[in-house]
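Participant: Pasting a predicted model and its sequence here:
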Amino acid sequence: MNSIFHPEGNKKLIERIETLTPITHNEWGTMNVSQMLVHCQMPIKVAFGELKIKVGFMGLLFGKLSKKSVTSKNPIKRNLPTAKEFVVKGHPDFEQSKTELISLISKFANEGPKAIKNPKHPFFGNLTTEEWDYMQWKHLDHHLKQFGA
């Protein structure tokens with residue numbers, strides 16, 4: 001089941017993360033594996049209310065229109081621009097980044113929809129629990145595929 005809340009779907013995501021190593025190369029894009037692990041934490045932290053991002057002008061103009069594409073069944077396109085708040089520079093510690101991402105993902109299965117403390121995405125606007133679930137799954141799946149996991 002492709003749900004970050006469902007224990008089985010959650011476990012599958014974590015198993016894929018566990019296959020990554022510090023030398024896993026990307027199949028597209030510019031992030032290294034450690035940067036990707038940190039990058040994937042950021043939208044989760046937004047959902048949990050741990051990371052606050054101001055709604056920008058572009059979000060006000062295009063957020064609701066863009067929401068349809070992110071919540072659709074179509075895969076995320078490769079090499080799309082990343083929000084500046086989600087860009088990771090340098091070389092984060094691989095093991096620490098992996099452990100933290102797994103911990104954040106596990107929280108979805110452990111707490112269920114209660115884990116989401118912020119119903120409003122800074123770009124896409126208000127999201128239902130199902131939309132948060134699907135977007136988190138889709139984003140993680142996209143980046144895990146980026147690194148062959």
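Facilitator: Alright, I've got the coordinates.

Participant: any idea how far Lys120 is from the closest residue to Gly112 other than its chain neighbours?
Facilitator: Excluding its sequence neighbours, the residue lying closest to Gly112 (Cβ to Cβ, 6 or more residues apart in numbering) is Phe5, at 5.5 Å. (Glycine included, C-beta is placed from N, CA and C.) As judged by Cβ to Cβ, to the nearest Å, Phe5 and Lys120 stand 19 Å apart.

Participant: Go ahead and confirm Gln136 touches Pro43.
Facilitator: Yes - counting by Cβ atoms under 8 Å, Gln136 does reach Pro43; the two are 6.6 Å apart.

Participant: circling back to that earlier point, of Phe5 and Lys120, which one has the most company?
Facilitator: Phe5 (21 against 10; other Cβ atoms under 10 Å).

Participant: and the more buried one, what does it touch?
Facilitator: Phe108, Ala109, Gly112, Pro113, Asp133 (Cβ atoms under 8 Å, 6 or more residues apart in numbering).

Participant: If we use 10 Å, what do you get?
Facilitator: 108-113, 115-116, 129-130, 132-133, 136-137 (Cβ atoms under 10 Å, 6 or more residues apart in numbering).

Participant: wait, is it part of a helix?
Facilitator: No - read with DSSP: H, G, I helix; E, B strand; the rest coil, Phe5 is coil and lies in no helix.

Participant: still on that earlier bit, could you say which of the contacts of Phe5 is surrounded by the most neighbours?
Facilitator: Neighbour counts for these (other Cβ under 10 Å) peak at Phe108, which has 27 neighbours.

Participant: what about the nearest residue to that one once chain neighbours are set aside, how many residues close to it?
Facilitator: Of all residues beyond its chain neighbours, the one nearest Phe108 is Ile4 (4.4 Å), with distances taken as Cβ to Cβ, 6+ apart. Other residues near Ile4 number 27, with proximity taken as other Cβ under 10 Å.
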